[in-house]
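A.B. asks: A structural model of the following input is requested.
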Amino acid sequence: MALVKRYALESQRDPSVRLLAETVVQHIGSKDYLSEILAVYYFVLRHCRYANDPRTVELVKRPEWVAKQMAAGGTPSLDCDDLTAFLAALLMSLGREVRAVTVAFKDAFHNGERQYSHIYVQVREPRSNKWITLDPVAAEEMGTMLRRVTAMKIWPIA
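C.D. replies: As a prediction, the model looks like this:
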């Protein structure tokens, strides 16, 4: 979680991340924040693919690397950590408030600490002040997946 937060915070300032975010929302009316949020989310769904990390490595890709790969015509392969950092950076570069949510699907503990196995981003829509869940990994099964959650923790990214 620490790397996801750090990378998202640092990358929101990166010119390649801001340029990509501006390109995604360029045809959306000014101050149509919900449409901006949805445009960014669906852009990520269309242009990234889900892939697991290497077998024994927790790999977190920096959002600016992902933006540069996309600018070069590539299709990044990302897991839930990468997708959360990337979405958070894109949305923060557009001025949105975001937070990460870690969830557990079983009651697993290690050294007394709950083990979370998935992460996704939530973004606050400024007009309604409502939090919107964006989870590209569970896009087609969001309701089913959320019903299996046994615990969750919210991590502000500020």
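
A.B. asks: ok, then the element right after the helix or strand of the chain with the lowest mean pLDDT?
C.D. replies: The helix or strand of the chain with the poorest confidence is helix 142-147; it has a mean of 74 (mean pLDDT, DSSP states H and E). As assigned by DSSP states H and E, the chain's next helix or strand after helix 142-147 is strand 151-157.

A.B. asks: Report all helices and strands that that following strand contacts.
C.D. replies: Applying 3 or more CB pairs under 8 Å, 6 or more residues apart in numbering; DSSP states H and E, we find strand 151-157 packed against helix 2-11, strand 97-104. (C-beta placed from N, C-alpha, C; glycine too.)

A.B. asks: just the strands in this structure please.
C.D. replies: For the chain, the strands defined by DSSP state E cover 49-50, 77-78, 97-104, 109-110, 113-114, 118-125, 130-134, 151-157.

A.B. asks: Dump those to CSV, plus mean pLDDT, distance to Lys31 and mean neighbour count.
C.D. replies: Formatted as CSV, the strands of the chain follow (pLDDT from 0 to 100; distance: least, CB to CB, whole Å; neighbours: other CB atoms under 10 Å):
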stretch, mean pLDDT, distance to Lys31, mean neighbour count
strand 49-50, 94, 32, 12
strand 77-78, 97, 30, 20
strand 97-104, 96, 15, 20
strand 109-110, 88, 45, 8
strand 113-114, 88, 40, 11
strand 118-125, 96, 12, 22
strand 130-134, 96, 16, 16
strand 151-157, 94, 23, 14
